[in-house]
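S.K.: Quick one, structure for this:
(one chain, ligands or ions: 3)
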Amino acid sequence: MDSGQVEVRSSKIPRHVAIIMDGNGRWAKQRNRPRFYGHRAGVEAVEEILQACTNAGVQVLTLFAFSSENWHRPSQEVQLLMDLFKSALSSRLDRLQEWNVRLRIIGDRNGLSEELRSEIAKAEALTATNKGITLVVAANYGGRWDITQAAKQVAVKVENKQMTSDSITPEVFAAHLSIADLPEPDLFIRTGGEQRVSNFLLWQLAYTEFYFTDILWPDFDKTAFAVAIETFLQRERRFGRTSDQVESFHRV
Ligand code: IPE
Ligand code: IPE
Ligand code: MG
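M.R.: Ligands and ions are numbered 1, 2, ... in the order given. Down below sits the predicted model:
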């Protein structure tokens, strides 16, 4: 049987869940509190969902924490978000170790402070050999940045005659993207009601199932997550094939 480029998987637990954690600001506003209050509550939701993913058997959880466009926010909010990220990294490190979580940060690190970069390096090094779930945090990340940095790597290889332009295929190109070593997301979740990708994993989401919910991120708990998984399990992933083909594939 022609297995094609994309592996056909039946309705199983997603290996990789990617989430746009949106709605922190509105959650705080509903409570007449500053936006930062919502971001802090959002960190607690991360812990609950990380645990829910582990319990469900998800192998990779990718979270969009700060986009390349979020620099356009008021500088005070940007600063508070960076401080929150840094303190969450150090204060939650023990918990990550305890839960056997392997942490990876993706995004343009050049835009981050020296202090934050060293906190990231420390957390990644310490958790690198953990065998549990992989938690990928996208910080100063943009899907367009990712594709551009991959293109640059490929261009340099062509310039150095390590490869020819003819040898560039989608697979060869994709090997230069962030998290190329991990399975592509099976399930994309966006909380907070907006139905857009906001420059998240553009390439990697090509065949991902999308799930949108109005629930604001700080309220997104394990019950809400279970509903998202249940919805995913109802989907038929066809990867360009017909429904009949997919059914016969699962019968063999
Ligand atoms: C998501 O919540 C967190 C980040 C983008 C850092 P928002 O801060 O975007 O919350 P809303 O969308 O304004 O409610
Ligand atoms: C996307 O949320 C980025 C993160 C959650 C980190 P935004 O709130 O920044 O997205 P837009 O600007 O509303 O599309
Ligand atoms: Mg938002």
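S.K.: Every contact and neighbour count from this point should use C-alpha atoms.
M.R.: OK.
S.K.: Show the backbone phi and psi for residue 57.
M.R.: Dihedral angles of residue 57 (phi, psi; degrees, to the nearest 10) stand at phi 90, psi 20.
S.K.: Number of residues surrounding it?
M.R.: 15 (other C-alpha atoms under 10 Å).
S.K.: My understanding was that it contacts residue 12; is that so?
M.R.: No: at 10.1 Å, residue 57 and residue 12 do not qualify as touching, with contact defined as C-alpha atoms under 8 Å.
S.K.: And the helices in the stretch 151-252 of the chain, which stretches?
M.R.: Per DSSP state H, counting those that start in this stretch, the stretch 151-252 of the chain carries helices over the ranges 170-174, 222-234, 243-251.
S.K.: interface residues of the chain facing ligand 2?
M.R.: 20, 21, 22, 64, 65, 66, 67, 70, 198 (C-alpha under 6 Å from any ligand atom).
S.K.: Buried subset of the residues you listed, written for PyMOL?
M.R.: Only the buried entries of the residues of the chain next to ligand 2 go into this PyMOL selection, using 16 or more other C-alpha atoms under 10 Å:
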select buried, resi 20+21+22+64+65+66+67+70
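S.K.: Close to ligand 1 as well: tell me which of the residues of the chain next to ligand 2 qualify.
M.R.: Contacts with ligand 1 within those, as defined by C-alpha under 6 Å from any ligand atom: 21, 22, 65, 66.
S.K.: Now secondary structure too, for those residues, in CSV please.
M.R.: Output for these, formatted as CSV (DSSP: H, G, I helix; E, B strand; the rest coil):
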residue, secondary structure
21, coil
22, coil
65, strand
66, strand
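S.K.: Pull the contacting residues for the residue nearest the centre of the chain.
M.R.: By C-alpha atoms, centre = their mean, the chain has its centre lying nearest to residue 62, at 2.5 Å. Residue 62 sits next to 16, 17, 18, 19, 135, 136, 137, 138 when contact means C-alpha atoms under 8 Å, 6 or more residues apart in numbering.
S.K.: Is it correct that the first one is in contact with residue 63?
M.R.: Spelled out, that is residue 16. No: using C-alpha under 8 Å, residue 16 is not in contact with residue 63, being 10.9 Å away.
S.K.: contacting residues for residue 139?
M.R.: 64, 65, 66, 67, 68, 105, 106, 107, 108.
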